[in-house]
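Visitor: here is a sequence together with a model predicted from it:
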Amino acid sequence: MAYELNWIGALSGHDRFLWTAGEQPPFESEYHFEIDIIKPSFILECQDGSFVVTGKNAVYKLNISLKRAETLLRTGDEALDFISNAVVDGDDCIWINDVFGCRIYNYSPSGKRLEILGSGVPGFTAEPVPFEKASFNWMYDLRKGRD
């Protein structure tokens, strides 16, 4: 991953790129996905062998075997402000935290929004409340538990 140069890729065991993704191919690779990702930050492998890639501007799904890239969502869509990281759960649903928006978004593997956690108001909720009323403040990291 080259954060400042806006591209990512996967190396083979022979120091050759199997694939790269970004606006321009930075090196010769077996396949290049042309996507306009800015500051890529996380690459997550799904159970079907595809990859979810997050950047400051968008979330992409790369299907390596089909050589297809799809934009799941863009910053500004769904009121997303600043994508920090994401996790993929056991059903290949994508959980994304929005640092400045103080919310966690859950999307289906195809990019359909399933739910939003958090009220969007910065803070911390100490008492039990429904998920949509919880307050979060500057979350930079999500972790997936065993369940």
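Guide: Ah, there it is.

Visitor: any idea of the pLDDT on Glu132?
Guide: Per-residue pLDDT puts Glu132 at 86.

Visitor: quick one, strands of the protein?
Guide: Per DSSP state E, the chain carries strands over the ranges 7-11, 17-22, 29-34, 42-45, 51-54, 58-63, 68-78, 83-88, 94-98, 103-107, 113-117.

Visitor: next, the buried residues of the third one.
Guide: Spelled out, that is strand 29-34. Within strand 29-34, the residues that count as buried by 16 or more other CB atoms under 10 Å are Ser29, His32, Phe33. Every residue, glycine included, has its C-beta placed from N, CA and C.

Visitor: relative to Val88, how far out is the residue sitting nearest the centre point of the chain?
Guide: Central residue of the chain (CA atoms, centre = their mean): Thr54, 3.3 Å from the mean position. Distance, Thr54 to Val88, using CB to CB, to the nearest Å: 11 Å.

Visitor: tell me, what's touching these two both at once?
Guide: Each of Leu44 lies in contact with both Thr54 and Val88 under the rule CB atoms under 8 Å, 6 or more residues apart in numbering.

Visitor: what residues are up against Leu72?
Guide: Contacts for Leu72 (CB under 8 Å, 6+ apart) come out as Val52, Ala58, Val59, Tyr60, Lys61, Ile94, Tyr107, Ser110, Gly111.

Visitor: any chance of these in CSV, with distance to Ala21 too?
Guide: Formatted as CSV, the contacts of Leu72 follow (distance: CB to CB, whole Å):
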residue, distance to Ala21
Val52, 12
Ala58, 12
Val59, 13
Tyr60, 7
Lys61, 11
Ile94, 17
Tyr107, 19
Ser110, 19
Gly111, 17
